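Trainee: sequence plus predicted model, see below.
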Amino acid sequence: MSARGCQRRAAGRPGRGSGGGIGLPLGYGQIDEPLTADQLADAVPSPRDPRSTRALEVAREGWTLRDVLAHGVIDYHPVVAGTATDVADHMQQWFEAGACDGFSLAIDGYHDGVDAFVDQVVPLLQERGLFHLDYAGPTLRDHLLAREQYGLDPRVTEAATR
């Protein structure tokens with residue numbers, strides 16, 4: 001094991017993003033390349049994530065990070081590893097095929113994941129007519145298209161006057 005790997009584990013830092021499950025700091029620039037021999041020597045499955053053992057096994061077989069993500073080794077749901085256009089295309093295909101009526105997002109471990117999605121993917125979905133440009137009104141009730149409440153519950157108004 002290299003000194004770098006020892007330092008990372010001694011400091012309790014498993015790494016960033018998708019590489020965190022195998023103890024490596026991996027970035028998007030490496031997504032289409034297999035891990036190097038040095039990285040494989042430093043990689044250790046996370047004791048907190050049962051999926052990391054399998055992710056490391058396939059990485060040792062020469063899979064790229066994109067392959068590991070795309071084939072559900074790290075997550076048990078579809079993962080899109082790519083550009084904002086790739087993400088928007090994937091979401092559009094699922095929506096138009098009737099495979100979903102919405103999405104729950106699991107943003108990656110990077111600090112800018114939510115901002116990147118909002119700034120890059122949402123505008124593409126808006127251009128395609130798949131995401132709203134504005135809201136129905138100023139309140140959450142309006143956003144949810146919930147009907148107006150007819151009066152207040154007397155238990156609430158009586159408690160407030162006591």
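Mentor: Good, I have the coordinates.
Trainee: low-confidence stretches in the protein?
Mentor: Flagging of the chain using pLDDT under 70 yields the residue ranges 1-21, 71-77, 108-111, 150-151, 157, 159-162.
Trainee: list the buried residues in the longest helix along it.
Mentor: The residue-count maximum for a helix in the chain (DSSP state H) belongs to helix 84-96. Within helix 84-96, the residues that count as buried by 16 or more other CB atoms under 10 Å are 84, 87-88, 90-91, 95. All C-beta spots, glycine's among them, are computed from the backbone N, C-alpha and C.
Trainee: and which of those residues is nearest residue 133?
Mentor: Set against residue 133, the nearest of the buried residues of helix 84-96 by CB to CB is residue 88 (15.4 Å).
Trainee: how far away is that closest one from residue 154?
Mentor: 49 Å (CB to CB, to the nearest Å).
Trainee: need the buried residues of helix 84-96 in a markdown table (columns: distance to residue 70).
Mentor: Formatted as a markdown table, the buried residues of helix 84-96 follow (distance: CB to CB, whole Å):
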| residue | distance to residue 70 |
| --- | --- |
| 84 | 17 |
| 87 | 13 |
| 88 | 17 |
| 90 | 10 |
| 91 | 15 |
| 95 | 19 |
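Trainee: for the longest helix of the chain, packing partners?
Mentor: helix 122-127 (3 or more CB pairs under 8 Å, 6 or more residues apart in numbering; DSSP states H and E).
Trainee: give the contact list for residue 120.
Mentor: Contact analysis of residue 120 by CB atoms under 8 Å, 6 or more residues apart in numbering lists residue 84.
Trainee: still on that earlier bit, so how far is the longest helix of the chain from its chain's centroid?
Mentor: 15 Å (CA atoms, centre = their mean, to the nearest Å).
Trainee: now name the helix or strand holding residue 38.
Mentor: Using DSSP states H and E, residue 38 sits within helix 37-42.
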